[in-house]
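Student: The following comprises the amino acid sequence and a computationally predicted model.
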Amino acid sequence: MLKLKAKYLDIEPRYPLVIMNIDDAKEIGANNTDRVLVTFKKKSKIVVVETTATIVPSGSIGLNRRAMKYGITTDDYLYVDPAEKPVSVEYIKKKLRGAELTKKECEVIISDINDNKINDIELGAYVSAIYMHDFTDRELIAITRKMVSTGATFKWKNNNVVDKHSIGGVPGNRVTPIIVAIATSAGLVMPKTSSRAITSPSGTADTLEVWCNVDQPTDKIQDVIDKTGGCFVWGGNMDIAPTDDKIIRGEYPLSIDPEGQLLASVMAKKAAMGAKAVVIDIPFGSESKVESLSKARSLARRFKALGKSLGVKIECAVTRGEQPIGHGIGPVLECMDILSVLEGKGPKDLREKSLELSGMLLKLTKKGDRKTAEDILNSGMALKKFRQIVVAQEGNPDLNLRSLVGRHGVNVKASRSGTVTRIYNHRISRIARIAGAPKDKGAGIYMHVKIDDIVKKGDRLFDIYSEKKIKLGHAQKICAENYPIDIEEKDNMLVEEI
């Protein structure tokens with residue numbers, strides 16, 4: 001056992017970490033990414049260790065902010081022992097070999113990930129194991145239930161709780177606030193938690209915080225739900241299935257999203273929020289996360305089966321994902337689309353998709369159908385409800401959105417006449433991000449065309465907006481190098497000549 005003096009280090013890894021001088025680490029046989037048992041005032045915690053020859057002197061131990069939160073202050077003395085590799089690593093190896101895990105083994109893996117006993121290399125191995133050998137039904141149920149139990153769970157006064165989730169991958173597609181407004185107007189409860197963007201031009205939370213505060217404490221969320229029946233909040237601080245955020249650490253560097261883990265992550269969060277009925281939007285197409293109709297149908301069947309085992313009614317909407325939904329891509333531009341739909345106008349595709357998904361939720365809960373949803377939207381009830389929720393979350397529903405659009409812009413025009421045959425979602429998203437979205441709320445892209453539209457040379461295809469001139473220049477450069485729209489002659493039936 002080593003007695004070491006605490007030293008605060010201004011570093012920000014994604015998990016609790018200690019840094020030891022290499023000589024001290026050698027004394028207890030610890031190497032980089034090993035685990036050590038740190039004891040302070042009779043409380044112990046297993047954490048990952050990194051070593052250094054210069055940053056931390058011998059006799060001291062460096063702690064980041066996450067580690068210091070346990071009440072440790074600079075110059076406190078900590079006791080450090082080597083810690084054994086957790087047994088969950090052996091279970092991960094078992095899954096890598098293609099063997100089925102027991103319920104207990106699944107639970108231990110999730111517990112150890114949640115408690116930061118698994119380092120990033122082992123986490124990558126876990127993700128790879130699922131990618132190569134997908135969960136069996138029994139594993140999937142065990143993993144999902146354990147993910148629910150590692151975080152907060154919610155119960156609401158009204159038990160008619162519903163939710164919605166989209167698999168993602170489609171720019172725009174901001175149906176969520178419209179669905180929340182319609183569903184809550186029909187008497188349902190919809191405590192909607194949403195994510196921020198990781199690789200997209202905007203997450204639902206990024207968009208809605210243009211209007212209101214989406215980072216709400218739990219007691220405030222309950223108050224908003226009591227007043228309005230719904231909310232728009234970022235789920236990152238709510239401790240809902242927190243293991244999911246840690247698993248993403250293993251997925252991101254590999255750019256893989258195993259189907260089994262996707263199912264577990266989505267349903268764990270829905271179950272934790274107390275949802276009794278959920279509609280899952282599964283966009284498919286060459287430009288979506290789900291590439292084919294057959295894969296979309298298979299995923300839908302798995303969602304429904306998992307929901308049944310958790311006591312949650314599931315309906316899945318397999319939707320077209322080959323192009324952006326709506327006109328706006330980027331927070332403020334998406335807000336303009338949302339408001340336009342709520343006011344009875346809006347992009348046709350965004351309006352229709354919102355009504356279809358809302359109708360499915362109403363039908364699932366015996367509150368109506370698509371016609372009911374359309375009546376609520378056309379009557380102005382949904383707009384009124386949306387405004388109530390925004391005000392309840394300390395927001396301003398009367399913002400002049402056009403004044404918030406990035407002041408630097410450029411029109412991208414067709415270089416030839418013909419028919420729009422393809423819109424590349426990934427290229428559109430990349431251009432919008434380089435323009436500054438979602439950090440710069442007014443940045444992004446405003447689309448003027450859809451697939452199958454006929455255009456003439458010189459017609460506007462889309463506009464790029466940015467809050468900074470230099471970012472607009474970068475976005476234009478990327479646009480020229482990776483043009484996001486294909487235009488072909490209308491009567492050209494030849495695909496290629498070989």
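Tutor: That came through, no problem. Numbering: from 1, shown residues only.
Student: can you give me the strands in the stretch 251-400 of the chain?
Tutor: For the stretch 251-400 of the chain, the strands defined by DSSP state E, counting those that start in this stretch cover 277-284, 313-320, 328-329.
Student: of those, which approaches V412 most closely?
Tutor: Nearest of those to V412, taken as C-beta to C-beta: strand 328-329 at 12.9 Å. Yep, even glycine has a C-beta here, placed from its N, CA and C like the rest.
Student: need the strands of the stretch 251-400 of the chain in TSV with mean neighbour count and mean pLDDT, can you?
Tutor: Below are these laid out as TSV (neighbours: other C-beta atoms under 10 Å; pLDDT from 0 to 100):
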stretch	mean neighbour count	mean pLDDT
strand 277-284	24	98
strand 313-320	19	98
strand 328-329	32	98
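Student: Out of the ones you listed, the one nearest T54 is which?
Tutor: strand 328-329 (46.1 Å).
Student: From the chain's centroid, how far away is that closest one?
Tutor: 18 Å (C-alpha atoms, centre = their mean, to the nearest Å).
Student: before we move on, the earlier item: format the strands of the stretch 251-400 of the chain as a markdown table; extra columns: distance to K43.
Tutor: A markdown table is the format used below for the strands of the stretch 251-400 of the chain (distance: least, C-beta to C-beta, whole Å):
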| stretch | distance to K43 |
| --- | --- |
| strand 277-284 | 39 |
| strand 313-320 | 42 |
| strand 328-329 | 48 |
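Student: Between the ones you listed, which one is closest to L299.
Tutor: Of all these, strand 277-284 comes closest under C-beta to C-beta, at 5.8 Å.
Student: Which of the helices and strands in the chain ranks last by mean pLDDT?
Tutor: Lowest on mean pLDDT, DSSP states H and E among the helices and strands of the chain sits helix 65-68, with a mean of 71.
Student: I'd like the next helix or strand past it.
Tutor: The helix or strand immediately downstream of helix 65-68 is strand 77-82, counting by DSSP states H and E.
Student: packing partners for that next one?
Tutor: strand 2-8, strand 35-40 (3 or more C-beta pairs under 8 Å, 6 or more residues apart in numbering; DSSP states H and E).
Student: Can you mark which positions in the first one are buried?
Tutor: Neighbour counts using 16 or more other C-beta atoms under 10 Å place L2, L4, A6, K7 of strand 2-8 among the buried residues.
Student: List just the nearest of the residues you listed to K439.
Tutor: Looking across the buried residues of strand 2-8 and measuring by C-beta to C-beta, the closest to K439 is K7, at 32.8 Å.
Student: Could you check what's spatially nearest to that closest one, not counting adjacent residues?
Tutor: Sequence neighbours aside, S60 is the residue nearest to K7 in space, at 4.7 Å (criterion: C-beta to C-beta, 6 or more residues apart in numbering).
Student: Tell me what the one you found is bridged to.
Tutor: K5 (DSSP bridges).
Student: was I right about it contacting L2?
Tutor: No. The pair S60 / L2 is not scored as a contact, 10.6 Å apart, by C-beta atoms under 8 Å.
Student: V148 contacts M273, correct?
Tutor: No. The pair V148 and M273 does not pass the contact test of C-beta under 8 Å, sitting 9.9 Å apart.
Student: just checking, Y483 touches I423?
Tutor: No. In this structure Y483 lies outside contact range of I423 using C-beta under 8 Å: 10.7 Å.
Student: Which of these two has more residues huddled nearby?
Tutor: Each of Y483 and I423 has its neighbours counted (other C-beta atoms under 10 Å); I423 has more, 22 against 15.
Student: what's the nearest residue to that one if we skip its chain neighbours?
Tutor: Ranked by C-beta to C-beta, 6+ apart and with sequence neighbours excluded, the top spatial neighbour of I423 is Q323, at 4.2 Å.
Student: Let me see the confidence value for that neighbour.
Tutor: pLDDT recorded at Q323 is 97.
Student: Quick one: neighbours of it, just the number.
Tutor: Q323 has 24 neighbours, counted by other C-beta under 10 Å.
Student: helices or strands up against the top strand by length along the chain?
Tutor: Longest strand in the chain, counting residues (DSSP state E): strand 43-52. Judged by 3+ C-beta pairs under 8 Å, 6+ apart, strand 43-52 is in contact with strand 17-21, helix 22-27, strand 35-40.
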